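**Q** what follows is a predicted protein model with its sequence.
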Amino acid sequence: MMQHLTIVDHPLVQHKLSLMRDQSTPTAVFRQLLREIAHLLAYEVTRGLPMTTKTVETPLQSMEAPVLDGRKLALVSILRAGNGLLDGMLDLIPSARVGFVGLYRDEDTLKPVQYYCKLPGEIDERVVIAVDPMLATGNSSAAAIDLIKKHGAKNIRFLCLLAAPEGVARMKEAHPDVPVVTAALDERLNELGYIVPGLGDAGDRMFGTK
């Protein structure tokens, strides 16, 4: 069983993250870095997947070789910023099934509101990795996991680029069974709910919007 919070402190992850934090990094470079860092984070979040063996003929002899067991992974992008991590994950796990959860924050209640949900079939039999670059307040992430669980998922992991202590605490309270993998645990949230020092709005920086 993975621990609740894993911080991937690999030098390449940390170097690429520092480049992404820099406000002078252009949109195209930011997007490419996010894709590259997703490869490295995917390595960690897929640790401990169930394995079996199959008979393989090498050029020299046959052997029982290790392969992934069970149904194909499900990757669920929390829209819209989750798509940046999703693209990198799919480079490594091209056969994964893909789902999307769309949430926005109601400005009056500050509660997450669902506007889209499309998930792979047999999700109860798959390892599910939900992806969203920022774990800030944790409210949207927790609501997305609620939704995924309502569709039957039982084995869920959450992958983000940056986390705030408040978001980690919220996820642990709401979903203690869902391990969180991130590249960094930042200091705090500011009064607008942004992660500090952070990197700004991941979606805006990825898509060149304001």
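**A** Received it, and whenever you're ready, just let me know what you need.

**Q** which residues of the protein fall in strands?
**A** If DSSP state E is used as the criterion, the strands of the chain fall at 5-7, 51-57, 62-68, 74-79, 97-105, 112-118, 127-131, 134-135, 155-159, 162-163, 180-182, 184-185, 188-189, 195-196.

**Q** and the fifth one with strand 127-131, angle?
**A** Direction vectors for strand 97-105 and strand 127-131, defined by axes from the mean of the first three to the mean of the last three CA atoms, to 10 degrees, enclose an angle of 40 degrees.

**Q** what's around residue 191, how many residues?
**A** For residue 191, the count of nearby residues is 5 (other CB atoms under 10 Å). Every residue, glycine included, has its C-beta placed from N, CA and C.

**Q** any idea how far the lengthiest helix in the chain is from the chain center?
**A** If you go by DSSP state H, the chain has its longest helix at helix 27-45. Relative to its chain's centre, helix 27-45 lies at 11 Å (CA atoms, centre = their mean, to the nearest Å).

**Q** again with stretch 42-50
**A** The answer for stretch 42-50 is 12 Å, by CA atoms, centre = their mean.

**Q** what comes up buried for it?
**A** By neighbour count on 16 or more other CB atoms under 10 Å, the buried set for stretch 42-50 is 42, 44-46.

**Q** tell me how far the residue of the chain most remote from its centre lies from residue 33.
**A** In the chain, the residue that sits farthest from the middle, by CA atoms, centre = their mean, is residue 60; the gap is 40.1 Å. Per CB to CB, to the nearest Å, residue 60 is found 41 Å from residue 33.

**Q** now the worst-scoring helix or strand of the chain on mean pLDDT: buried residues?
**A** Least confident helix or strand, the chain: helix 202-207 with a mean of 85, by mean pLDDT, DSSP states H and E. Using 16+ other CB under 10 Å as the test for burial, helix 202-207 gives 202-203, 205-206.

**Q** got the contact list for that helix?
**A** Contacting residues not belonging to helix 202-207 are listed as 20, 25, 27, 30-31, 34, 80-81, 83-84, 133-134, 161-162, 199, 209-210 [CB atoms under 8 Å, 6 or more residues apart in numbering].
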